[in-house]
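**Q** quick one: sequence plus predicted model below, questions after.
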Amino acid sequence: MRDLRCLWWFASLLVSCLAAYGYLLATPSFDAPALARVLCYMLIGVFGFAMIFLAPRCRMRWQLLALLGLPALLLRAILLPVPPSDDINRYVWEGKLVRAGVSPYSVTADAIEWELYRDSYWEGMNHKDKPTAYPPISELLFAATTVGADPVLGFKLWVVAADLLTLAGIVLLLRRRGLPLLYAGFYAFNPVVLVAFAAEAHFDVFIVAALVWALWAYESGHKQLALGLAALATGVKWVTLPLLPFFVRFNYLRAALIAALVLALPALLFWETLPQLLRGLLQFGSDRSFNGPVYDCLHLRLGWSRQHSVLVVLACFAAIVGWRWLGASRYALDSSIRWILGALLVFAPTVHFWYLAWLMPFICLRPAMPWVLLSLSSGLYFMVWIRYAEGDGWGLSLAQHRWFWGPFFLALIYELCSTRGRCVFAKRRESGPDPESVAVVIPTLNAAELLPQTLRSVAAQVPPVHEVVIVDAGSTDGTQAAAASGKASIPVKVLEGEKGRGNQIAAGIRAASAEWVIVLHADARLAPGSCGVLLRAVRSMPRVIGGAFGQRFDGRPPELVPIEVLNDLRALFTRTSFGDQIQFFHRMSALQHALMPAQPLMEDVESSWRVRERGEFLFLDYPSEVSHRRWRAADWFKRFALVMRLVSRYRWARWRGWGGAEALSRELYREYYK
């Protein structure tokens, strides 16, 4: 299977690179009206994200980093020759003014005072009649990065360097949390990021880099450095201003001084003309709108005035900022960043596709289906150039606007409904006397042949497990004797329970005494270091009460790779795991909320749903090896269809009520094992 995974991974990389090259060919100019741009954009993302789930297991960290870094460099190199956005003309021209010692805020670009400075970049600028809205730090940045014989290429290289610096910061944040480093692929292979930065060279990359490293500094204990970097991000673009107070976790006077120094010192160079900057900001925010999902609905669909629409979206955004600020001590900083930047995108009157890149680094820390889908559907943005070429004006049609935002809002509704709002209002779990302890519960039935190797994998864990609880359902092949033989290396309790995996697991959780419980099937082998991975991850995520590790079938049967990928996708994006993905639970929460139902079948699906309805579900993507003995090559598709049919029936019964679902599980048990 490893060879097939490598083959599929390389195939996905190849298609993603070909799509990037296709995007290059379809974009002779930044405003090229080509439908191929939309298709290639989406293909870059689909196959780029596929690489995350098809990546072969790496034993060494450098191999894993190579699976991230090399494709990231390759995709950016392919897109680098794409003609940049016309925004770069203003970057280069205003940088030229700053180097000449004059202020870009003095007058508008079309003023006669600038006649001596007019060049080809001035000719290519848009909105020459409007004052610039870029902050002083941005102007200094333009002056420093647009020098040389080819200022456009030089600026692009600076952008790509900042982009890769952001990727490095994401990797460090994931490592600090004990989360899969491959989740950084949601940034590294994201079409929003690739096209916005490597292709179109938008300066927003400097905001993103500063924010990511500000978060790293904050979590590393360097609070003053974190505030300085957050202030730097604000100085590059004002959109991050609402985030600044969340970085203030020390002396307020000192914090105000740091923020003032970062923001005010560059402004002194343009002091006399700064009032013109304020005018530019007000003009930019008051008379422009494009693709804002809520704003457009109010202003264009419902016919509200521009002023009333602005007031409503401002009130909604302010309410979310206030809510997160009042609960700042209860929420992780990265969670507040996601909420505020996400709300800014949803309620802003203008949303260009590259604005989505503000949020993408923080999605890697908690992958969410709505934002991943929006990364793909945002390719509809390039339909504006087709409509413009056909004389329909610059903008998206109603249908295109719906396809742009529709998948995002449908996925958002699914998340809210499936978690019963817990994805927003999850509570912190209660810690016991030994929060670093882990027990392993193993349900068994005639597993004497398989159990010894399972126990050996548990005994090899570092840190060691607190205890093993084996709940046997009346085995007749010596399973209990095999279980007792494991007591020499690890503490083992052997219990007798009612037949049915859910009944056995529930009994095992009650009998355990550790803080965390890993449920391991008797035909699985716990991956080395699993306990350490679990404890490191939940230490930084106090709202997690359950989740799953992931699975890989032993023997590497190639026909089961799709099953593994589908299982990973389901666990990550719908918070639903199967038992052979090695589930885990916070024991106190499991007992308090009856997370593990005492039912014979579908206990894994039901327990996943109960976890996501009571707290946070975490998919670690740290797979263990499980037996594929029930998935024979000759009839694996037939078995897959059976599983999907049973799950669908159970889902429908569960939607109608828990009582009917529990009764159905007994019927499904007989059908499944028949």
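**A** Perfect, thanks for sending it. Please read all numbers here as calculations on a predicted model, not as lab measurements. Numbering: from 1, shown residues only.

**Q** how many other residues sit next to Met644?
**A** As a burial measure, Met644 scores 11 neighbours (other Cβ atoms under 10 Å). C-beta here means a position set from N, CA and C on the backbone, and glycine is covered the same way.

**Q** SS state for it?
**A** Taking DSSP: H, G, I helix; E, B strand; the rest coil as the rule, one finds Met644 in the helix state.

**Q** how close does it get to Arg670?
**A** Distance from Met644 to Arg670, counting by Cβ to Cβ, to the nearest Å: 18 Å.

**Q** shaky segments in the protein?
**A** Residues of the chain that meet the criterion pLDDT under 70 lie in 1-3, 280-287, 488, 632-634, 674.

**Q** let me see the domain layout of it.
**A** Following automatic domain parsing, one gets these domains for the chain: 2-418, 438-627.

**Q** turn those into JSON lines, columns for mean neighbour count.
**A** JSON lines is the format used below for the domains of the chain (neighbours: other Cβ atoms under 10 Å):
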{"stretch": "domain 2-418", "mean neighbour count": "19"}
{"stretch": "domain 438-627", "mean neighbour count": "21"}
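
**Q** want to throw these into TSV with distance to Ala426?
**A** As requested, the domains of the chain are exported to TSV (distance: least, Cβ to Cβ, whole Å):
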stretch	distance to Ala426
domain 2-418	10
domain 438-627	4
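
**Q** between these, which one is closest to Asp635.
**A** Asp635 lies closest, by Cβ to Cβ, to one member of the domains of the chain: domain 438-627, at 10.4 Å.

**Q** show me what the longest helix belonging to the chain is packed against.
**A** Taking DSSP state H as the criterion, the chain has its longest helix at helix 151-177. If contacts are counted by 3 or more Cβ pairs under 8 Å, 6 or more residues apart in numbering; DSSP states H and E, helix 151-177 sits against helix 61-79, helix 87-99, helix 136-145, helix 185-188, helix 204-219, helix 360-363.

**Q** switch the cut-off to 7 Å
**A** Applying 3 or more Cβ pairs under 7 Å, 6 or more residues apart in numbering; DSSP states H and E, we find helix 151-177 packed against helix 87-99, helix 136-145, helix 185-188, helix 204-219.

**Q** now these as TSV including distance to Arg306?
**A** Output for the helices and strands packed on helix 151-177, formatted as TSV (distance: least, Cβ to Cβ, whole Å):
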stretch	distance to Arg306
helix 87-99	24
helix 136-145	27
helix 185-188	35
helix 204-219	25
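
**Q** where do the strands of the chain begin and end?
**A** Here the chain has its strands, by DSSP state E, at 438-444, 467-472, 492-496, 516-519, 524-525, 544-548, 551-553, 583-586, 616-619, 624-626.

**Q** residues contacting stretch 39-48, please?
**A** 12, 15-16, 19-20, 22-23, 26, 189-191, 194-195, 375-376, 379, 382 (Cβ atoms under 7 Å, 6 or more residues apart in numbering).

**Q** distance from it to the middle of the chain?
**A** 17 Å (Cα atoms, centre = their mean, to the nearest Å).

**Q** do the same with stretch 347-364
**A** Computed by Cα atoms, centre = their mean, the chain-centroid distance of stretch 347-364 equals 13 Å.

**Q** likewise for stretch 564-579?
**A** 15 Å.

**Q** make CSV from the strands of the chain and add distance to Ala162 to it.
**A** Converted to CSV, those look like this (distance: least, Cβ to Cβ, whole Å):
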stretch, distance to Ala162
strand 438-444, 40
strand 467-472, 49
strand 492-496, 54
strand 516-519, 39
strand 524-525, 43
strand 544-548, 32
strand 551-553, 36
strand 583-586, 38
strand 616-619, 30
strand 624-626, 38
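
**Q** for Pro56, find the nearest of those strands.
**A** With Cβ to Cβ, the closest approach to Pro56 among the strands of the chain belongs to strand 551-553: 9.9 Å.

**Q** what pairs with that closest one, parallel or antiparallel?
**A** According to DSSP bridges, strand 551-553 forms sheet pairs with strand 624-626 (parallel).

**Q** and the end-to-end length of stretch 288-302?
**A** End-to-end distance for stretch 288-302, by Cα to Cα, to the nearest Å: 18 Å.

**Q** got a list of contacts for that stretch?
**A** With Cβ under 7 Å, 6+ apart as the test, stretch 288-302 has contacts from 304, 306, 309, 312-313, 346-351, 395-396, 401, 404-405.

**Q** ok, Val519 to Ile505 distance?
**A** 5 Å.

**Q** name the residues contacting each of these two.
**A** Residues touching both Val519 and Ile505 by Cβ under 7 Å, 6+ apart: Val441.

**Q** the stretch 451-600 of the chain: helices as residue ranges?
**A** For the stretch 451-600 of the chain, applying DSSP state H, counting those that start in this stretch gives helices covering 451-459, 479-485, 501-511, 530-539, 561-574, 587-593.

**Q** with distance to Val424 added, can I get the ones you listed in JSON lines?
**A** Shown next, in JSON lines, are the helices of the stretch 451-600 of the chain (distance: least, Cβ to Cβ, whole Å):
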{"stretch": "helix 451-459", "distance to Val424": "36"}
{"stretch": "helix 479-485", "distance to Val424": "43"}
{"stretch": "helix 501-511", "distance to Val424": "27"}
{"stretch": "helix 530-539", "distance to Val424": "20"}
{"stretch": "helix 561-574", "distance to Val424": "17"}
{"stretch": "helix 587-593", "distance to Val424": "18"}
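
**Q** those: which one's closest to Leu116?
**A** Leu116 lies closest, by Cβ to Cβ, to one member of the helices of the stretch 451-600 of the chain: helix 561-574, at 56.6 Å.

**Q** quick one, the longest helix of the chain and helix 530-539 angle?
**A** 110 degrees (axes from the mean of the first three to the mean of the last three Cα atoms, to 10 degrees).
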